[in-house]
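Visitor: Return a 3D structure for these sequence lines:
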Amino acid sequence: MNNQLPFWLEKHTRSIKKVDMHHAFLVSGRKGIGKDLLVRYLSSMTLCNDVELNICKSCNSCKFSTLENHPDFYELQVLPDKKLIGISQIHELRNKLYESSFLGKNKVAFLPNLEKISIDGLNAVLKILEEPPNNTFFFLTTNFLNQIPQTIQSRSFDIKISPPEYEESIEWLSDYPKEDSAHALRLNNNLPLAAKEFLDNGFLKIRKDFIAEISGIIKEGKDIVAISEQWTKDESSLNIKLEWMSLILSDTIRFNADQTKNSLNPDTDNISKYLSKKSNLEKLHQLLNKTNSLWNLFSRETNLRRDYQLNSLFVDWENDLGISKKI
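Guide: Now for the predicted structure:
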């Protein structure tokens, strides 16, 4: 069954045995590397009745359509009205884990993004790991291993996921044109899973349109109100466009600081170089902060009018970058 996992994840299953299996696994790596995918696979194998670390697909555990439907699988998530997982959620999880298994076999607790658990919550997690319930296995993930207390790290089996080599990623993405794969990898920090999602969701076309629209604002004075309204109609791509705006500004600052740089992001280098010659460095930093702040605001799904907020940011871009062509 290992062939269900990408090759850079599949290798991490080989060091795990069901006999004397460690009760806690801490999976770390960059966002988009596939931590959740690996954990869900390992969780299915742990819950399976097969004596080996496999997924037999025929036992009572494997017959559940998804892990979310499995009565002995528990996943902890930040509540909709909260920013962090608090101690009360950990206590609730603990109480469930100390109950008997529904199927009379193993139980699995999945705690993704440990950095989103409060300090009190992490201390409560530590106490559970110190005295774990019988036949209960914990899978913990983090994007930032350095933020996780050593006490938790020391009680967990460490799995660090590294991205594959560039050529390996290109080969894994061989179903797509090589040029498109290379472009997607470059825009997604060389993370193949993120690049695949990028390609599958048609973001290359969105990226091309984005560059044309930003160029139009900067060099031709195109109507920012019309573009703002257009962007807010497609909420699925709005946040990534704000990320790309921030990246253009970051590259502009780098080009401003070092005129000898040749390339940072080939498809937007001309924009960044153009802005680096026209813009004040202090204003560039201020505008980058404004752009990042709006990205954070939109990421929290607030009730503020997005079209007003985005239009205001575009006006700031025109004014702070000195590129206004229309009043």
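Visitor: Point out where the stretch 1-150 of the chain drops to low pLDDT.
Guide: Residues of the stretch 1-150 of the chain meeting the criterion pLDDT under 70: 1-3, 53.
Visitor: and with 90 instead?
Guide: Applying pLDDT under 90 to the stretch 1-150 of the chain picks out residues 1-4, 11, 13-20, 31-32, 49-57, 65-66, 80-83.
Visitor: where along it do the helices fall?
Guide: In the stretch 1-150 of the chain, the segments counted as helices under DSSP state H, counting those that start in this stretch are 7-10, 35-47, 87-97, 119-130, 150-154.
Visitor: Pipe these into TSV and attach mean neighbour count and distance to K283 per row.
Guide: Heads up, the C-betas are built off the backbone N, CA and C, glycines and all. What follows is these, written out as TSV (neighbours: other Cβ atoms under 10 Å; distance: least, Cβ to Cβ, whole Å):
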stretch	mean neighbour count	distance to K283
helix 7-10	18	42
helix 35-47	21	38
helix 87-97	16	43
helix 119-130	17	38
helix 150-154	13	42
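Visitor: Dump those to a markdown table, plus distance to W295.
Guide: Supplementary listing: the helices of the stretch 1-150 of the chain in a markdown table, determined by distance: least, Cβ to Cβ, whole Å:
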| stretch | distance to W295 |
| --- | --- |
| helix 7-10 | 29 |
| helix 35-47 | 23 |
| helix 87-97 | 27 |
| helix 119-130 | 27 |
| helix 150-154 | 30 |
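Visitor: right, so of these, which gets closest to A109?
Guide: helix 87-97 (6.0 Å; Cβ to Cβ).
Visitor: and that closest one, C-alpha only, in CSV?
Guide: C-alpha atoms of helix 87-97 as CSV (Å, rounded to 0.1, in the frame of the first residue of the first chain):
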residue,chain,number,x,y,z
ILE,A,87,-6.6,23.5,27.7
SER,A,88,-10.3,22.7,27.8
GLN,A,89,-10.1,21.1,24.4
ILE,A,90,-7.1,19.0,25.6
HIS,A,91,-9.0,17.9,28.7
GLU,A,92,-12.0,16.9,26.5
LEU,A,93,-9.7,14.9,24.3
ARG,A,94,-8.0,13.2,27.3
ASN,A,95,-11.4,12.1,28.7
LYS,A,96,-12.3,10.5,25.3
LEU,A,97,-9.0,8.8,25.0
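Visitor: relative to helix 119-130, how tilted is it?
Guide: In terms of direction (axes from the mean of the first three to the mean of the last three Cα atoms, to 10 degrees), helix 87-97 departs from helix 119-130 by 20 degrees.
Visitor: Report all helices and strands that helix 87-97 contacts.
Guide: Contact partners of helix 87-97 among helices and strands, from 3 or more Cβ pairs under 8 Å, 6 or more residues apart in numbering; DSSP states H and E: strand 73-75, strand 107-111, helix 119-130.
Visitor: Model confidence at E301, what's the number?
Guide: Reading off the per-residue confidence, E301 sits at a pLDDT of 62.
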